[in-house]
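[1] 3D model of this:
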Amino acid sequence: MLAPTDAESLATFVAVFALASLQLHGSGSADAFRYKRRVVSKIAGEATEQLDERALLRNLVATMLLYHYEMSMPRSSSGGTWVTFFCAVKHIINTCPAMDRLIRREYAVLLDWIYYHQALSEFTIRHWKAPYDGCGFAAVVRSAGVVDGAGPGSKVVDDSIGCPTEVLELIVHTCRHAIVAPRPEMAYTAAELERATVLEQRISMTLGDFGPIPAPTATPRNRRTMVADLHRLACLLYVGRAVHRVSGREFSHTRLVREGILLLGELQSCQSAWPLFVVGCEAADDEQRAAILEVCERSRGDPRRRSGHVDATQRLVVAVWNQRDLDEKGEVDYMAVLDAVIRGEAVMPLFA
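    Okay, here's the model as predicted:
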């Protein structure tokens, strides 16, 4: 469908060239910037309500590639413009009538990819700025597997984005209704409360009573499984803080922290900013914090490294540690600490 000979698909391929040029030659690449401008000019004039299925698919892919282009830029160069392109993606999927036609299995990877970034942008919005000033479309699961009843967290979803959909859905529930007092139009229904409870229980059951760290074996564990478990642990830690308002001293919470740090150590490096941030902020003593810093250091040298997110994540984690250390009596609410640290950023941080 997206063959290079297809003139209508030009925006997608130029976006690929822009991203490739940026990866090869760095943020100063004139070619990368030229390709980016061509993509923007190509898709900017198209009204979303007039897009058919093929045009919608092309525009979504091209705009997501521009979003990743900005994600790959150094923070000093991007100025947070990833927000502009991701808001454009959210606008397209929420205003284009043809969107329902993409809910098919052949497009599942694309839709899961978008949902992953939507869900984690909810976290950023909650802590960095006043909620829903501007780009306020709700994140909705559009995976064909989930819509058809295969169930969130299935193998297909995990393999496509590295994070169970049920984790992302619970993050969205938590960010929309637990941290900021809901607006009247965002009233939480009984069904939504029940859904959030079911999601939390399902994630807890998946991890089990003894956590995701098995007894040592000669066979290496599957890295994708470990990354999915890391997201599950981080999700339960965050829900505990945001919804249940745990103090952090409860045995169940400290166990999750310990398991998360052990899992990060087993992974050695982590290219997923959100779980690294959530687990890292919970590190309470010198040994745990040293383990987190070691993971950050190894992540910088990982050939899978996709952007400069490690430096930004470590800086935020250390800032949270500093604030917690100043509050020796534990009088400051943990979520208030996260708000203060994240809102202290001049540019909206990225956790995807």
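[2] where does residue 345 land in three-state SS?
    At residue 345 the chain is in coil, as set by DSSP: H, G, I helix; E, B strand; the rest coil.
[3] what sits against it?
    Listed by Cβ atoms under 8 Å, 6 or more residues apart in numbering, the contact set of residue 345 reads 128, 316. In short, each C-beta sits where N, CA and C put it, glycine included.
[4] please report phi then psi for it.
    Dihedral angles of residue 345 (phi, psi; degrees, to the nearest 10) stand at phi -70, psi 130.
[5] before we move on, what about the one 4 residues further on?
    Backbone torsions of residue 349, given as degrees, to the nearest 10, read phi -70, psi 160.
[6] state the distance from it to residue 97.
    Using Cβ to Cβ, to the nearest Å, residue 349 is found at 34 Å from residue 97.
[7] these two: who's more crowded?
    residue 349 (23 against 12; other Cβ atoms under 10 Å).
[8] pretty sure that one contacts residue 343?
    No. With contact defined as Cβ atoms under 8 Å, residue 349 does not reach residue 343; the gap is 9.8 Å.
[9] what sits in contact with each of the two?
    Common neighbours of residue 349 and residue 343, counting by Cβ under 8 Å, 6+ apart, are residue 128.
[10] pLDDT below threshold where in this protein?
    Within the chain, the stretches with pLDDT under 70 are 1-49, 72-80, 130-138, 142-160, 178-188, 210, 213-219, 303-308.
[11] for the spatially closest residue to residue 267 that is not a sequence neighbour, what are its contacts?
    Nearest residue to residue 267, sequence neighbours excluded (Cβ to Cβ, 6 or more residues apart in numbering): residue 226, at 5.6 Å. Residue 226 makes contact with 212, 263, 266, 267 under the criterion Cβ under 8 Å, 6+ apart.
[12] and those residues as JSON lines, adding distance to residue 319?
    Converted to JSON lines, those look like this (distance: Cβ to Cβ, whole Å):
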{"residue": "212", "distance to residue 319": "28"}
{"residue": "263", "distance to residue 319": "23"}
{"residue": "266", "distance to residue 319": "26"}
{"residue": "267", "distance to residue 319": "23"}
